[in-house]
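K.L.:
Model the structure of this input:
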Amino acid sequence: MTKAMYPGSFDPLHLGHLNIVEIAASIFDEVVVVTMQNPEKKSFLSLEAREDLLKSSFSHLPNVSTANSSGLVVNAAVDLEATVIVKGLRSTGDFEIEMQMAQTNKTVAGVETIFIPSEPAHSHISSRFIREIATLGGDVSALVPESVASLLSGRLNDE
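P.N.:
Sure thing, here's the model as predicted:
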């Protein structure tokens, strides 16, 4: 049984992330999507809100579960007994960064990394741009799952 872990900040989750998880779920027996918390960064959404959005967005995938972690990705993989880390790639820039991390994770803990290229329709989507658009009152519904669009719309309307 192959268990894969897909880590990310998912701040917020977008359709590119969703697509990578759907592909991973078709390849691996089990996929755990892990919301990572970097204590040195101020999050747009709380860790709890991000994990709730993951749960609702992946409820149609029976072999996908969620978790969160504030430590190293490789330690989370070991703790979850995941044999593979899944990373999505949008561009060659992503590849360069992710390859370095993959090689480091392999050296440190023996955990392999599998790269899944994003669908062309999603390769331009970035959580950073979504945060900016949403903060300035723009419509992000074409970039994110419905639950994320609803949360962002409600959150910003309350401010």
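K.L.:
From here on, just use CA atoms for contacts and neighbour counts.
P.N.:
Noted.
K.L.:
Surely residue 147 and residue 51 touch.
P.N.:
No. Between residue 147 and residue 51 there is no contact, the gap being 12.0 Å when judged by Cα atoms under 8 Å.
K.L.:
Neighbour count for the two, which is higher?
P.N.:
residue 51 (23 against 16; other Cα atoms under 10 Å).
K.L.:
Quick one: classify residue 35 as helix, strand or coil.
P.N.:
strand (DSSP: H, G, I helix; E, B strand; the rest coil).
K.L.:
So what's the residue count around it?
P.N.:
24.
K.L.:
next one: residue 153
P.N.:
Neighbourhood size, residue 153 [other Cα under 10 Å]: 18.
K.L.:
Quick one: classify it as helix, strand or coil.
P.N.:
Classified using three-state DSSP, residue 153 is helix.
K.L.:
dump the residue contacts of it.
P.N.:
Going by Cα atoms under 8 Å, 6 or more residues apart in numbering, residue 153 touches residue 134.
K.L.:
how much space is there between it and residue 137?
P.N.:
For residue 153, the distance to residue 137 equals 8 Å [Cα to Cα, to the nearest Å].
K.L.:
Check residue 2 too.
P.N.:
For residue 2, the distance to residue 137 - Cα to Cα - is 42 Å.
K.L.:
Helices of this protein, residue ranges please.
P.N.:
Taking DSSP state H as the test, the helices found in the chain are 15-27, 47-57, 73-79, 92-109, 127-135, 146-158.
K.L.:
Could you export these as a markdown table, including mean pLDDT?
P.N.:
A markdown table is the format used below for those (pLDDT from 0 to 100):
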| stretch | mean pLDDT |
| --- | --- |
| helix 15-27 | 97 |
| helix 47-57 | 92 |
| helix 73-79 | 94 |
| helix 92-109 | 92 |
| helix 127-135 | 92 |
| helix 146-158 | 76 |
